[in-house]
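In: only geometry, no sequence info:
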């Protein structure tokens, strides 16, 4: 992985182009991938495919966990890094039980772990890697909802998938933190010699992008162009985040006996922010203690 990161960092234009092409292909091909999944369900049966995905995911996680824990012998801050590794595995397990509509959604982790690696090669910061990768995921979900699904059936903007996309980026960042030696792939220089992670975040482009997104969303809500749910007796706004309306119960149950929770916009935003803040210390852990 270190060899790839160094190559990608030396060729930023090619790396950025590859990230853009991958993102476009991933977003544009979603309908075809879903059609393939439906074909597999009909060909092999949903229970068989779900079992295969579960077994494959568990084997992959076990292999990754073994490789990660074996790397602790040559790394500093072992306790904190072990906590992040275990915590990330727990988050994956919790999302599997609480946010998955079907087991095939595990593909989100791999889909967004892959672009996170070259993004990190360009940014050399975990917080920016997670932010930009999650932003691609938000664009992906908005495209699916507003341009594919909204005209076909009653649905909603899928914040569950946004959370899964962010976790995929977090998995890639934890892997890099544990497997890549900062001496062989130097991290980005601190913007302020005395700044904490949160102070440095306030000076980064992430804050500007976030404020612009908040400004746009607030303007759309204030002008009535965007709403969470439709209001009885009023025309439907151009940007309606949930066509199927408020949830009648916390848990939903599928015909194949899968229980899951659909995140409402407020829940999804709070969870995305909480997860992003949770992984902010990765840069400091990977970089090591500040020289005195």
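Out: Sure thing, it's come through. The shown structure was predicted, so the numbers you read here are calculated from the model rather than taken from an experiment. Numbering: from 1, shown residues only.
In: what helices or strands is the helix ranked longest in the chain leaning on?
Out: Longest helix in the chain, counting residues (DSSP state H): helix 46-70. Contacts defined by 3 or more Cβ pairs under 8 Å, 6 or more residues apart in numbering; DSSP states H and E place helix 46-70 against helix 30-44, helix 78-98, helix 159-179. Where C-beta positions appear, they are placed from N, C-alpha and C, glycine not excepted.
In: and the first one, what other elements does it pack with?
Out: Applying 3+ Cβ pairs under 8 Å, 6+ apart, we find helix 30-44 packed against helix 46-70.
In: how far off helix 78-98 does the longest helix of the chain point, in degrees?
Out: 170 degrees (axes from the mean of the first three to the mean of the last three Cα atoms, to 10 degrees).
In: what comes into contact with helix 46-70?
Out: Around helix 46-70, the neighbours that count as contacts under Cβ atoms under 8 Å, 6 or more residues apart in numbering are 37, 40-41, 44, 82, 85, 89, 92, 96, 102-104, 106, 171, 174-175, 178-179, 256.
In: any low-confidence regions in the chain?
Out: 67-76, 151-154, 189-203, 289-292 (pLDDT under 70).
In: taking the centroid of it, which residue is nearest it?
Out: A centroid search over the chain (Cα atoms, centre = their mean) returns residue 166, at 1.5 Å, as the residue closest to the centre.
In: check which helix or strand covers the spatially closest residue to it that is not a sequence neighbour.
Out: Excluding its sequence neighbours, the residue lying closest to residue 166 (Cβ to Cβ, 6 or more residues apart in numbering) is residue 134, at 4.3 Å. In the assignment (DSSP states H and E), residue 134 maps to helix 126-143.
In: and the nearest residue in space to residue 136 that is not next to it in sequence, what element?
Out: Leaving aside its sequence neighbours, residue 136 sits nearest to residue 23 (Cβ to Cβ, 6+ apart; 5.1 Å). Secondary structure assigned from DSSP H and E places residue 23 in helix 12-28.
In: residue 4: neighbour count?
Out: Neighbour count for residue 4, taken as other Cβ atoms under 10 Å: 14.
In: kindly apply the preceding question to residue 210 instead.
Out: For residue 210, using other Cβ under 10 Å, the count is 16.
In: shouldn't it be within a strand?
Out: No - looking at residue 210 with DSSP: H, G, I helix; E, B strand; the rest coil, it is helix, so not inside a strand.
In: before we move on, the earlier item: please list all residues in contact with the residue nearest to residue 166.
Out: Per Cβ under 8 Å, 6+ apart, neighbours of residue 134: 112, 162, 165, 166, 169, 272, 276.
In: which of those residues lies closest to residue 18?
Out: residue 112 (15.0 Å; Cβ to Cβ).
In: shouldn't the closest one be in contact with residue 135?
Out: No - using Cβ atoms under 8 Å, residue 112 makes no contact with residue 135, being 10.8 Å away.
In: okay, those two: which has more neighbours?
Out: More crowded of residue 112 and residue 135, by other Cβ under 10 Å: residue 112, with 27 against 19.
In: next one: that one from residue 141, what distance?
Out: Look at residue 112 and residue 141: by Cβ to Cβ, to the nearest Å, they are 11 Å apart.
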